[in-house]
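>>> pasting a predicted model and its sequence here:
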Amino acid sequence: MRKYICIMGFIIFSFAFVFNVQAIKFKIYEVKSGDTLWSISNRFYGSPFYWYFIWEANKTKVKNPHWIFPGQDLKIPPREFVKARLKGLKIEKPKKPLLHWEQQVFIDYITKNLPPKFGILQSEIYDIDKTLFSQEDLVGMKILNKTEIKPGKIYLIYRVGDFIKDPYTGRKLGYFISNIGLVKVIKVIGDYALCKVLKTTASLMSGDIATSFEMPEPIYQFKDAKGELSARIVALVEDKATADLLDMVFLNVGRDSNLKNGDVLYVYQKPYNVIVGKLLVIKVAEDATTCLVGKIKRILVVGDYVATKDSLK
């Protein structure tokens, strides 16, 4: 009976807390270049040590407190709420991801299933004379899905490249996709939207496609991939003949391999299975996997063999 009363008390307390959170009037702050949760906390509360409460209020879109970016809208709890929550609350230092968020977002990958098309960038909508767009620029978008494009939301911009086949088996792997930017919709009028460019890794241009954006799960540890696996490097980033440290390479294995983000694979040279490099898995698609090049003893090329550590024993 006592256990039942304790459980009920906890439920009532939890419900009351949720209700109070829902009743809070948050300020909305747009993240600026160079901002961190620590600096934003200092700005609003006079102390950087209250960063946790900003993160707590935005956990649905901020995967890790180290990962925020310009243009993102954050809810800022009022001082009174923060002071009330401070009593008896132990705030632990958050883990820092091993990769910066941009290294997991702005990547290339090979897929047979193109991401949903919500809109297409069109320079003539806003500025007919401008053809290339970079950070802080305004750019027009032709809306393809009115239910998905909304003011204030942030969208991932990608570009479709060539269709890739495995050069060794002839198997069709998919289209080469490059994630190249983030834009924020400022205004929607009819079938068009005005957007602000938040981040780019290459100049945006007419024809680039807008799709949904969600921060990936951070990678907190690198670990050897389990089991046995045999693969080859079948493609490099466009215009590159070799891959060096932190470049991306693409393997001819996909989801059937049971690889996961953060897995470590090994590039080796036959016939003595000499390890010449390490790869970090950052995206697994249907039939291909994107990896970052880690430690290397020589530059990597298309055709290099890849395996798990277990396979090389």
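The structure has been received and is ready for your questions.
>>> quick one: residue 98 is in a strand?
No - assignment of residue 98 by DSSP: H, G, I helix; E, B strand; the rest coil gives coil, placing it outside any strand.
>>> surely it and residue 223 touch.
No - the pair residue 98 and residue 223 fails to qualify as a contact (C-beta atoms under 8 Å) at a distance of 11.1 Å. Where C-beta positions appear, they are placed from N, C-alpha and C, glycine not excepted.
>>> and these two? Which one has more around it.
Counting neighbours by other C-beta atoms under 10 Å for residue 98 and for residue 223 shows that residue 98 has the greater number, 13 against 10.
>>> mind pulling up the pLDDT for that one?
Looking at residue 98, its pLDDT stands at 96.
>>> quick one: residues contacting it.
Shown in contact with residue 98 (C-beta atoms under 8 Å, 6 or more residues apart in numbering): 218-222.
>>> can the residues you listed go into a markdown table with extra columns for pLDDT?
Shown next, in a markdown table, are these (pLDDT from 0 to 100):
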| residue | pLDDT |
| --- | --- |
| 218 | 96 |
| 219 | 97 |
| 220 | 96 |
| 221 | 95 |
| 222 | 96 |
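>>> buried subset of those, written for PyMOL?
Here the buried members of the contacts of residue 98 are turned into a PyMOL selection, burial being counted by 16 or more other C-beta atoms under 10 Å:
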select buried, resi 218+219
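>>> could you identify the most distant pair in the contacts of residue 98?
With distance counted by C-beta to C-beta, no two of those lie farther apart than 218 and 222, which are 12.4 Å apart.
>>> just the ones of the contacts of residue 98 in helices?
Taking DSSP state H as the definition of helices, those contribute nothing to them.
>>> which regions of the stretch 101-250 of the chain sit below the pLDDT cut-off?
In the prediction, the stretch 101-250 of the chain carries no residues with pLDDT under 70.
>>> quick one: the strands in it?
Here the stretch 101-250 of the chain has its strands, by DSSP state E, counting those that start in this stretch, at 108-111, 119-121, 138-143, 154-165, 172-189, 192-200, 209-212, 223-224, 230-236, 248-251.
>>> convert the first one to CSV, retaining C-alpha atoms only.
Extracted C-alpha coordinates of strand 108-111, given in CSV (Å, rounded to 0.1, in the frame of the first residue of the first chain):
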residue,chain,number,x,y,z
ASP,A,108,27.9,12.6,-49.0
TYR,A,109,26.3,9.3,-49.4
ILE,A,110,24.9,6.8,-51.9
THR,A,111,21.2,5.8,-51.9
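>>> that strand pairs with which strands?
Looking at strand 108-111 with DSSP bridges, its paired strands and their directions are strand 172-189 (antiparallel).
>>> endpoints of stretch 123-132, how far apart?
Counting by C-alpha to C-alpha, to the nearest Å, the length from the leading to the trailing residue of stretch 123-132 is 8 Å.
>>> just stretch 113-129 next, same as before
34 Å.
>>> could you do stretch 53-72 as well?
The straight-line separation of the ends of stretch 53-72 (C-alpha to C-alpha) is 17 Å.
>>> please compute how far it lies from its chain's middle.
With C-alpha atoms, centre = their mean, to the nearest Å as the basis, the distance from the averaged C-alpha position of stretch 53-72 to the chain average is 13 Å.
>>> so what touches that stretch?
Counting contacts by C-beta under 8 Å, 6+ apart, the residues touching stretch 53-72 from outside are 21, 26, 30-33, 35-37, 40-41, 44, 51-52, 74-77, 81-82, 85, 94-97, 101, 154, 182, 184, 196, 198-199, 214-218.
>>> repeat that with 6 Å
Here stretch 53-72 makes contact (C-beta atoms under 6 Å, 6 or more residues apart in numbering) with 31-33, 37, 41, 74-75, 77, 82, 94, 96-97, 101, 184, 198, 215, 218.
>>> which ones are touching residue 175?
When contacts are taken as C-beta under 6 Å, 6+ apart, residue 175 is in contact with 160, 163.
>>> could you rerun that using 10 Å?
Applying C-beta atoms under 10 Å, 6 or more residues apart in numbering, we find residue 175 in contact with 109-114, 160-164.
>>> give me the buried entries from these.
Members of the contacts of residue 175 that pass the buried threshold by neighbour count (16+ other C-beta under 10 Å) are listed as 109-111, 160, 164.
>>> what about the closest residue to residue 309 other than its chain neighbours, how many neighbours?
Nearest residue to residue 309, sequence neighbours excluded (C-beta to C-beta, 6 or more residues apart in numbering): residue 224, at 4.9 Å. For residue 224, the neighbour count with other C-beta under 10 Å is 12.
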